[in-house]
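> My questions concern the predicted model and sequence given below.
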Amino acid sequence: MTVPRRGGYERRVQSLPRFSALASPGLGLERSPGSIVTTPARSLAWPNTAQCTRRDCKTFLRNIPAIYGMWLVTLLLLYSFQEVHSEDVVSTRLYFVNASLQRVTFSSSVGVSLPCPAGGAPHAVLRWYLATGDDIYDVPHIRHVHANGTLQLYPFSPSAFNSFIHDNDYFCTAENQAGKIRSPSIHVKAVFREPYTVRVADQRSMRGNVAVFKCLIPSAVQEYVSVVSWEKDTVSIVPARRKQRYGNGFDPRRGISWYSDDIIW
């Protein structure tokens, strides 16, 4: 484009290109073609914190329920995840039912059922082992491990006695998602139920001295039999109350003291 000037000279003027912006419907940005449109920055926090058109405010207000709904769903999902995670941590555990159990003695004519002294939540897998670490296997009519983790030794005859089964150390393990625990070793021993008699040996003592009578128990059952009372001519002898009445356990009226399976006269 040329512009005439005085003196015969012309000045060339370069025209600027025109720009046009396409406005999105519903945002209040519709303008005539060929015009440059500038839009001020809007705040996302609240409509009245920045300049906006009336249509922009209406659009934002219409979207508020959707925004709040989105945040509500997000919070609910986070809460649910935290609750489920905490439940998993609390409920997944292993524990001992009776960690003090160290010895089990049973009669060969009765047998014994021994629950695993360990457990867990959720359900833990229970297994029995010998103290050597060998797995327990079922022996028909002799030994069996139930699905609930109970070790059962059936009654047996003296001819079927096997020290590897009836006089051995066992332990149990419990395993689930929380890990694995091992119970202390338990010594399981079978004894035969057979008749036995106890007796008292004669004792001699000078008048005024002490005589000690001992209850003699057969060695085969001595480990499992304890003295519960003493009798004289079918009359029970009451022991002295050692700590409550007489500090030395001696009854001066009858001249009797009682210490475990011995009696002092």
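All right, it came through fine. Numbering: from 1, shown residues only.
> ok, now how distant is the residue lying closest to Pro115 once chain neighbours are set aside from Cys172?
Leaving aside its sequence neighbours, Pro115 sits nearest to Thr150 (C-beta to C-beta, 6 or more residues apart in numbering; 5.0 Å). The C-beta positions use only the backbone N, C-alpha and C, and glycine is treated the same way. Thr150 is 10 Å from Cys172, where distance means C-beta to C-beta, to the nearest Å.
> Then Glu231?
For Glu231 relative to Cys172 (C-beta to C-beta), the value is 44 Å.
> try Gly119
10 Å.
> Isn't Gln152 up against Arg143?
Yes. Judged on C-beta atoms under 8 Å, Gln152 makes contact with Arg143 at a distance of 7.2 Å.
> So for the two, which sits in the more crowded spot?
Arg143 (19 against 15; other C-beta atoms under 10 Å).
> Show me the beta-bridge partners of the more buried one.
Per DSSP bridges, the residues bridged to Arg143 are Val139, Leu153.
> wait, doesn't it sit right on Phe156?
No. Counting by C-beta under 8 Å, Arg143 does not reach Phe156; the two are 9.6 Å apart.
> Run through the strands of the stretch 151-265 of the chain in chain order.
Secondary structure of the stretch 151-265 of the chain by DSSP state E, counting those that start in this stretch: the strands cover 151-153, 167-176, 179-182, 186-191, 199-200, 212-216, 230-232, 235-237, 250-251, 256-259, 262-264.
> before we move on, the earlier item: could you tell me which residues touch both of Thr150 and Cys172?
Cys116 (C-beta atoms under 8 Å, 6 or more residues apart in numbering).
> Compare the strands of the stretch 151-265 of the chain and say which comes out lowest on pLDDT.
Note on the strands of the stretch 151-265 of the chain: strand 250-251 shows the lowest mean pLDDT, a mean of 45.
> before we move on, back to that, right, and the strands of the stretch 151-265 of the chain - which one's nearest Ser109?
strand 186-191 (9.7 Å; C-beta to C-beta).
> Of Glu231 and Cys172, which one has the most company?
Cys172 (28 against 8).
> List the contacts of the more buried one.
So Cys172 contacts Cys116, Pro117, Ala118, Leu126, Arg127, Trp128, Tyr129, Gly149, Leu151, Arg182, Ser183, Ile186 (C-beta under 8 Å, 6+ apart).
> Is it possible to get JSON lines of these that adds neighbour count and distance to Ser226?
JSON lines is the format used below for these (neighbours: other C-beta atoms under 10 Å; distance: C-beta to C-beta, whole Å):
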{"residue": "Cys116", "neighbour count": "24", "distance to Ser226": "29"}
{"residue": "Pro117", "neighbour count": "21", "distance to Ser226": "25"}
{"residue": "Ala118", "neighbour count": "25", "distance to Ser226": "31"}
{"residue": "Leu126", "neighbour count": "23", "distance to Ser226": "33"}
{"residue": "Arg127", "neighbour count": "18", "distance to Ser226": "35"}
{"residue": "Trp128", "neighbour count": "20", "distance to Ser226": "30"}
{"residue": "Tyr129", "neighbour count": "17", "distance to Ser226": "32"}
{"residue": "Gly149", "neighbour count": "20", "distance to Ser226": "32"}
{"residue": "Leu151", "neighbour count": "21", "distance to Ser226": "27"}
{"residue": "Arg182", "neighbour count": "14", "distance to Ser226": "32"}
{"residue": "Ser183", "neighbour count": "21", "distance to Ser226": "28"}
{"residue": "Ile186", "neighbour count": "20", "distance to Ser226": "22"}
